[in-house]
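Trainee: Structure of the sequence below:
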Amino acid sequence: MPLDLLFTLLAAFCGGWILLKVKVPGGMLVGSILGAAALNIAAGSAVMTAGAKVFAQIAAGAFIGCTVRKEDIREMRRLLKPAVITLSCMLLLNLAVGFAIYAVGDGLDLVTALFCAVPGGISDIPIIAADLGASAPQVAVMQFVRLLVGIGIFPGLIHRITRGEPSEPVQAETQPPAETEKKKPEKLSSLGVTLAVASAAGILGKYLGIPAGTLVFAMLGVILLKLSRLKRLVEAV
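Mentor: So this is what the prediction gives:
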């Protein structure tokens, strides 16, 4: 069992690393799925512990939470009405698309079909789908196709539609490029607190039985940490 788990992780890592190097969108996730699937097809020995799914959701939630900034929270007031319109239209459209996929899909269950239509991230949606009993590989493949179409078609289509629209003026840099490109080094204490908060919040979400609660609570926990004074106190240590 431990050896099978090690080989599964190695196969997943190799598959993800290869697709990441060739710059495939979402290559680490898609490649890891292909690598583990290839091992299971060839030897039938691919295994993964149940706790790995919880850890993956906590890590994904923590990563998403770390990308949220105070500026994003302030912008929510100005974007509230557009967000309501966007979410309402996306909900109706994606429910319709999900039921259409279920109707034409050969052997696809309804949960998987609906998750295939969710406009989320290729790294996050399959994890949530697996938590709710959907087929994570099928959802990942459909999300991969959606991502390719979004990158390959929509930017050119939007550019063609908005060709006559005036563009916003580019703001001048307030700092020299050498200074703006510098990133603040991460401290182990800050990373440890972030993982601890994400783990505690994620386990609470799983304990409450909320759908995708592990990922959502881990994300909210990290966001609250970033907005609180505790984060600044830890960084000052």
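
Trainee: Surely residue 223 is in contact with residue 63?
Mentor: No - look at residue 223 against residue 63 with CB atoms under 8 Å: they stay out of range, at 11.7 Å. The C-beta positions use only the backbone N, C-alpha and C, and glycine is treated the same way.

Trainee: Could you pull out the buried residues of the helix or strand where residue 88 lies?
Mentor: Here residue 88 sits within helix 80-104, counting by DSSP states H and E. Residues 94, 97-98, 101-102 are the ones in helix 80-104 that count as buried (16 or more other CB atoms under 10 Å).

Trainee: looking at this structure, which helix or strand does the model trust least?
Mentor: Counting by mean pLDDT, DSSP states H and E, the chain has its least confident helix or strand at helix 177-180, which shows a mean of 45.

Trainee: Could you identify the helix or strand that succeeds the helix holding residue 88?
Mentor: helix 110-116.

Trainee: How about residues contacting the helix or strand following that following helix?
Mentor: Moving toward the C-terminus from helix 110-116, the next helix or strand (DSSP H and E) is helix 125-131. Contacts to helix 125-131, defined as CB atoms under 8 Å, 6 or more residues apart in numbering, come from residues 29, 53, 56-57, 60, 111-112, 115, 118, 120, 135-137, 139-140, 143, 211-212, 214-215.

Trainee: Could you list the low-pLDDT ranges of this structure?
Mentor: The chain contains residues with pLDDT under 70 at 1, 50, 151-152, 164-189, 229-237.

Trainee: Can you tell me the centre-most residue of it?
Mentor: For the chain, the residue nearest the mean C-alpha position is residue 124 (3.1 Å; CA atoms, centre = their mean).

Trainee: what are the ranges of the helices in this protein?
Mentor: Here the chain has its helices, by DSSP state H, at 2-21, 27-43, 50-66, 70-78, 80-104, 110-116, 125-131, 136-152, 154-161, 177-180, 188-208, 213-227, 229-236.

Trainee: what's the fourth one packed up against?
Mentor: Counting contacts by 3 or more CB pairs under 8 Å, 6 or more residues apart in numbering; DSSP states H and E, helix 70-78 packs against helix 213-227.

Trainee: And for the second one?
Mentor: Identification of packing neighbours for helix 27-43 by 3+ CB pairs under 8 Å, 6+ apart yields helix 2-21, helix 136-152.

Trainee: ok, back up a step: which of the buried residues of helix 80-104 sits closest to residue 83?
Mentor: Minimum distance to residue 83 across these is 15.6 Å, recorded for residue 94 (CB to CB).

Trainee: how near is the closest one to residue 33?
Mentor: As judged by CB to CB, to the nearest Å, residue 94 and residue 33 stand 23 Å apart.

Trainee: With distance to residue 129 as added columns, please give the helices and strands packed on helix 27-43 in a markdown table.
Mentor: Shown next, in a markdown table, are the helices and strands packed on helix 27-43 (distance: least, CB to CB, whole Å):
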| stretch | distance to residue 129 |
| --- | --- |
| helix 2-21 | 18 |
| helix 136-152 | 4 |
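
Trainee: Mind checking these for the one nearest to residue 107?
Mentor: helix 136-152 (9.4 Å).

Trainee: Mind listing what's buried along the closest one?
Mentor: If you call a residue buried by 16+ other CB under 10 Å, then helix 136-152 has these buried ones: 136-144, 146-147.

Trainee: Thanks a lot, see you next time.
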